[in-house]
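> Structure of the sequence below:
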Amino acid sequence: MVFLIITFVLCLPLVLFALTNTEMVRLGLWPTDYAIEVHISIAILVAMAVAFFLGALVVWTSELSQRRRARRAERTVRLLESQVQALQSRAQSSASLPPAV
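Below you'll find the predicted structure:
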């Protein structure tokens, strides 16, 4: 129920924006003669959505190197912890042996 209320509150300004901007605009692809006429609100909202997803893609790709570095550090920590445990078990086993004559 809370999710629906939050969604409604976030979508209400978008719907009001789309309803108040009903004028048509011609969008053309420059090197070709392809053009389409859409409502200006739809053109703006689609441009904002594309920019949002491109920004998310940029952030995601920049995080990849940090994730890779974190995985490498975790692998190193696991290796070092296993080495510490091996050394501790070796030290305990040598301490339990009687002294050599």
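> which SSE is residue 12 in?
helix 2-20 (DSSP states H and E).
> Against which helices or strands is that helix packed?
On a contact count with 3 or more CB pairs under 8 Å, 6 or more residues apart in numbering; DSSP states H and E, helix 2-20 meets helix 40-96. Every residue, glycine included, has its C-beta placed from N, CA and C.
> could you give the angle of the helix it packs on to helix 2-20?
What separates the directions of helix 40-96 and helix 2-20 is an angle of 150 degrees, with axes from the mean of the first three to the mean of the last three CA atoms, to 10 degrees.
> what's the spacing between the helix holding residue 12 and its chain's center?
24 Å (CA atoms, centre = their mean, to the nearest Å).
> cool, and stretch 84-91?
Counting by CA atoms, centre = their mean, stretch 84-91 is centred 40 Å from the centre of its parent chain.
> Likewise for stretch 49-63?
Relative to its parent chain, stretch 49-63 has a centroid offset of 8 Å by CA atoms, centre = their mean.
> likewise stretch 66-84?
Between the centre of stretch 66-84 and the centre of its host chain there is 22 Å, according to CA atoms, centre = their mean.
> again, but for stretch 55-71
On the basis of CA atoms, centre = their mean, stretch 55-71 is displaced by 8 Å from the centre of the chain it belongs to.
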